[in-house]
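**Q** here's a sequence, model it:
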Amino acid sequence: MKIVLAQQKLVFDEFHALGEGTDLKIQGSVDLGARNALAVTVAGPIDASLVSLALPDAALTGRITVDVAASGTVDVPALSGTVRIENGKYRLTGLTQILDDIDGVISFHGSRDKKDFDFVGYNSRLDEIQAGMLRILLPRLADWNRARREAAARYVELGLGELVAVPEDEPGHIYHLFVCRSPERDRIRAALAEAGIESAVYYTTPLHLQSALHFLGYEPGSLPVTEEVAADNFSLPLWPGIPAETQERVVDVVRSAVPSTGVGLTEPAGSAGAGFAGAGAG
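**A** Got it, this is the predicted structure:
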């Protein structure tokens, strides 16, 4: 065991638990300051009876194999990975019933890196408190959507479509993401990163090639358009109220990375590259 506490950060340089049925490793750090940031990985098998040490009112036997990454914050952790339970048996103190023959996999988002998915996971964050806040914010939604459309139009006015393929506008499009396409994606993103501007890519491994959906029988080349979009899509910062100066800077950096084609490029609104869903770059 090697744990370091420095500058309000707890660092697991090496934490290795060994024993009968147990070979668990923990690495990463926990920020104990204002940020409360988590960056911890836990991997390996553990004898389920050891869980009873942390839960004295429960008796658990069997084998647990953990492969989990924790990010986010201590208060609101974001988990990815899996917990596999084999030959489990669970008894809660005071109850006569026993849960027996527990076998299965608990999947957090189905992925360790949110890019490659080994399992079909779940991602649900809407609890009662968030729902209550959303009811308060809902009246502002129309204004936010209008501001997003204005920001998207500004990118086009600034000439972004002469440099990369931009989404084709259509009534009702609110640009949850502003997804562009370019064969020079990596060069553009590198220039943006050097300038301190965030960007993002989605479905670098398209769904039909994910391990979780391998049973469908698709092979590379089965869906060539989808695979092309996966290889060249990226999203640029866009949020309600984004300053015009910020968008001008984004376009300037993109222009410095790729030569102008002199021809406006658009990605049809109904095409594979126009409707990505997920967390945006802004």
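**Q** from here on, just use CA atoms for contacts and neighbour counts.
**A** Will do.
**Q** longest helix of the protein?
**A** helix 141-157 (DSSP state H).
**Q** same for that one, what does it pack against?
**A** helix 244-257 (3 or more C-alpha pairs under 8 Å, 6 or more residues apart in numbering; DSSP states H and E).
**Q** now stretch 25-41 - C-alpha only, PDB.
**A** This file holds the C-alpha atoms of stretch 25-41, laid out as PDB (Å, rounded to 0.1, in the frame of the first residue of the first chain):
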ATOM      1  CA  LYS A  25      -5.900  -2.900  -7.200                       C
ATOM      2  CA  ILE A  26      -6.900   0.700  -6.700                       C
ATOM      3  CA  GLN A  27      -5.100   3.600  -8.500                       C
ATOM      4  CA  GLY A  28      -5.900   7.300  -8.900                       C
ATOM      5  CA  SER A  29      -6.600  10.300  -6.800                       C
ATOM      6  CA  VAL A  30      -9.300  12.100  -4.800                       C
ATOM      7  CA  ASP A  31      -9.300  15.900  -4.500                       C
ATOM      8  CA  LEU A  32     -10.100  16.800  -0.900                       C
ATOM      9  CA  GLY A  33     -10.200  20.500  -1.600                       C
ATOM     10  CA  ALA A  34     -13.000  22.600  -3.100                       C
ATOM     11  CA  ARG A  35     -13.200  20.700  -6.400                       C
ATOM     12  CA  ASN A  36     -13.800  17.200  -4.800                       C
ATOM     13  CA  ALA A  37     -12.700  15.700  -8.100                       C
ATOM     14  CA  LEU A  38     -12.500  11.900  -8.500                       C
ATOM     15  CA  ALA A  39     -10.100  10.000 -10.800                       C
ATOM     16  CA  VAL A  40     -10.000   6.500  -9.500                       C
ATOM     17  CA  THR A  41      -9.900   3.000 -11.100                       C
END
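**Q** if we can go back for a sec, may I see the buried residues of the longest helix of the chain?
**A** 144-152, 155-156 (16 or more other C-alpha atoms under 10 Å).
**Q** could the residues you listed go into JSON lines alongside distance to Ala230 and pLDDT?
**A** Output for the buried residues of helix 141-157, formatted as JSON lines (distance: C-alpha to C-alpha, whole Å; pLDDT from 0 to 100):
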{"residue": "Trp144", "distance to Ala230": "29", "pLDDT": "93"}
{"residue": "Asn145", "distance to Ala230": "26", "pLDDT": "95"}
{"residue": "Arg146", "distance to Ala230": "28", "pLDDT": "95"}
{"residue": "Ala147", "distance to Ala230": "28", "pLDDT": "95"}
{"residue": "Arg148", "distance to Ala230": "24", "pLDDT": "95"}
{"residue": "Arg149", "distance to Ala230": "24", "pLDDT": "96"}
{"residue": "Glu150", "distance to Ala230": "27", "pLDDT": "96"}
{"residue": "Ala151", "distance to Ala230": "25", "pLDDT": "96"}
{"residue": "Ala152", "distance to Ala230": "22", "pLDDT": "97"}
{"residue": "Tyr155", "distance to Ala230": "22", "pLDDT": "97"}
{"residue": "Val156", "distance to Ala230": "23", "pLDDT": "96"}
